[in-house]
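> Dropping the sequence and predicted coords here.
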Amino acid sequence: MKKVYNFNAGPCVLPQEAIDASIEALKDFAGTGMSVICVSHRSKEWEAVMDETRALWRELLNIPEDYEILFLGGGASTQFLMVPMNLLENKAAYLETGVWAKKALKEAKGIGNAVCVASSADTTFNYIPKNFEIPTDADYFHITTNNTIYGTEIKYDMDSPVTLVADMSSDIMSRPVDVKKYGIIYGGAQKNVGPAGVTFVIIRKDLLGKVTRYIPTMLNYQTHIDGGSMFNTPPVFSIFAMKETLKWLKAKGGLEAINKINKEKAQKLYDEIDRNSMFVGTVANKEDRSIMNVCFVMAQGKEELQDEFLNFAKGKGMVGIKGHRSVGGFRASIYNACPMEAIDALIACMQEFEQMHK
């Protein structure tokens, strides 16, 4: 079988150890003689999985005790609605750095007064806005830390005069995070922390119960806190695979260790893009470049070679490097479980293509 290198943006590459453990649990979960997708979510065996998964989140991210960790359905897109439903009373502020940030703002506007404090839409979201002012009368300020489509990332924990809310779908667990600076951190699991099907929410409990509107039961964070993330049947398989993924991350040395590896992978690939005469990065400002999603296009005058390179790369085993349909070009998603071997293979592919067209 030909070796393949998975650069998909999500669902994406996951640790083989987590995949293997999940396969075994599909056959026989915790010695119950039943598959993990058949066992009762009220059983002591399943409750142990929930407890261990929460404990891993708390340990890896150093999450304080006054924060709750929830495992929900609906993806990050449902959180676009849940956040304002639970927090927006007077005004919300949003930083618009991409498609998902724009969609989050749209949902908030459907709930109440939501304003955009800054946007990078003027140049197709290829930079992170700077020197914006966060309104101090806002109930919260919402950011999207990593923008998978455009390859930009906020790689630091910003100071905010109001409650900071972050969609960290595609860079959670890729670096240490000062959770205390955030009121809510949420995201879909299908990048660094597991397969699609479960959404994580880290929420400071004292934020709740302050809006005057009625909150539908399933959209109320308090419902899921009170129910231990099991008010309704949780996505058991996705949570189990998340647990195994976090166990792998802990064994790798945790967030400081994985962040060092992630930076090395990204720098290596960006260096080749900057050197190679066939390609150019879409994010010129190096401090805004994502270490999770590396986006690039054909260099000026080489645009007609885009499809040829995609086919050439596919023949070399590169999977998922086609850019998002809204921007074109190429995107290499190099999440935690993407090995350095894959980066080296892609670089070799790019160098060989350059030699072919000299």
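Arrived safely.
> now the helix or strand hosting residue 141, how far from the centre of its chain.
Here residue 141, judged by DSSP states H and E, is contained in strand 140-144. Remark: strand 140-144 is offset 15 Å from the chain centroid, using Cα atoms, centre = their mean, to the nearest Å.
> cool, and stretch 348-358?
32 Å.
> what's next to it, contact-wise?
272-273, 276-279, 302, 305, 309, 312-313, 316, 318 (Cβ atoms under 8 Å, 6 or more residues apart in numbering). Placement of C-beta: from N, CA and C, glycine included.
> was I right about residue 169 contacting residue 78?
No: counting by Cβ atoms under 8 Å, residue 169 stays clear of residue 78, with 12.0 Å between them.
> Show me which of the two is the more surrounded one.
For residue 169 versus residue 78, neighbours defined as other Cβ atoms under 10 Å are more numerous around residue 169 (26 against 17).
> Quick check, pLDDT for the more buried one.
Residue 169 carries a pLDDT value of 98.
> again with residue 1
At residue 1, pLDDT is 69.
> now the one 3 residues further on
Residue 4 is assigned 96 on the pLDDT scale.
> A strand includes residue 332, no?
Yes: assigned with DSSP: H, G, I helix; E, B strand; the rest coil, residue 332 falls within a strand.
> quick one on the thing from earlier: same list, the contacts of stretch 348-358, but as a markdown table with pLDDT, distance to residue 108 and neighbour count please.
Formatted as a markdown table, those follow (pLDDT from 0 to 100; distance: Cβ to Cβ, whole Å; neighbours: other Cβ atoms under 10 Å):
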| residue | pLDDT | distance to residue 108 | neighbour count |
| --- | --- | --- | --- |
| 272 | 98 | 40 | 20 |
| 273 | 98 | 35 | 22 |
| 276 | 98 | 41 | 16 |
| 277 | 97 | 44 | 11 |
| 278 | 98 | 42 | 19 |
| 279 | 97 | 37 | 21 |
| 302 | 96 | 41 | 17 |
| 305 | 97 | 42 | 17 |
| 309 | 98 | 40 | 23 |
| 312 | 97 | 43 | 16 |
| 313 | 97 | 39 | 23 |
| 316 | 96 | 44 | 18 |
| 318 | 98 | 38 | 23 |
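> Could you single out the nearest of these to residue 44?
residue 318 (45.1 Å; Cβ to Cβ).
> contacting residues for that closest one?
By Cβ under 8 Å, 6+ apart, the contact list for residue 318 reads 4, 5, 7, 345, 346, 349.
> shaky segments in the protein?
Applying pLDDT under 70 to the chain flags the ranges 1.
> Give me the most central residue, it.
residue 170 (1.5 Å; Cα atoms, centre = their mean).
> what sits against that residue?
9, 10, 146, 148, 187, 191, 192, 292, 293, 335.
> From what I see, the last one and residue 172 are in contact.
No: contact status for residue 335 versus residue 172: not in contact, 10.2 Å apart, counting by Cβ under 8 Å.
> Name the residues contacting each of those two.
Joint contacts of residue 335 and residue 172 (Cβ under 8 Å, 6+ apart) are 191, 192.
> mind checking how far residue 2 is from residue 337?
With distances taken as Cβ to Cβ, to the nearest Å, residue 2 is found 20 Å from residue 337.
> Equivalent analysis for residue 29, please.
23 Å.
> same check, this time on residue 30
24 Å.
> And the residue lying closest to residue 13 once chain neighbours are set aside, how far from residue 161?
Nearest non-adjacent residue to residue 13, counting by Cβ to Cβ, 6 or more residues apart in numbering: residue 6, 4.1 Å away. From residue 6 over to residue 161 the distance is 41 Å, taken as Cβ to Cβ.
> Look at those two and report which has more neighbours.
Neighbour tally, residue 6 and residue 161, criterion other Cβ under 10 Å: the higher count belongs to residue 6, 19 against 12.
> how about the helices of this structure, start to end?
For the chain, helices defined by DSSP state H occupy the ranges 16-27, 44-61, 75-87, 99-111, 221-226, 236-251, 254-275, 306-315, 340-356.
> Including distance to residue 210, could those helices go into TSV?
Converted to TSV, those look like this (distance: least, Cβ to Cβ, whole Å):
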stretch	distance to residue 210
helix 16-27	38
helix 44-61	25
helix 75-87	8
helix 99-111	14
helix 221-226	11
helix 236-251	29
helix 254-275	31
helix 306-315	50
helix 340-356	46
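> out of those, nearest to residue 199?
Closest to residue 199 of the helices of the chain, according to Cβ to Cβ: helix 75-87, at 5.7 Å.
> Only alpha carbons, please: show stretch 207-219 as PDB.
Taking Å, rounded to 0.1, in the frame of the first residue of the first chain, the C-alpha atoms of stretch 207-219 are listed here in PDB:
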ATOM      1  CA  LEU A 207     -20.800  33.900  34.100                       C
ATOM      2  CA  LEU A 208     -24.200  32.100  34.100                       C
ATOM      3  CA  GLY A 209     -27.600  33.100  35.300                       C
ATOM      4  CA  LYS A 210     -27.300  36.800  34.400                       C
ATOM      5  CA  VAL A 211     -29.400  37.200  31.300                       C
ATOM      6  CA  THR A 212     -33.000  38.000  31.600                       C
ATOM      7  CA  ARG A 213     -34.200  36.100  28.500                       C
ATOM      8  CA  TYR A 214     -35.600  32.600  28.500                       C
ATOM      9  CA  ILE A 215     -32.900  30.100  27.400                       C
ATOM     10  CA  PRO A 216     -34.100  26.900  25.800                       C
ATOM     11  CA  THR A 217     -33.200  23.900  27.800                       C
ATOM     12  CA  MET A 218     -30.700  22.400  25.400                       C
ATOM     13  CA  LEU A 219     -29.100  25.700  24.700                       C
END
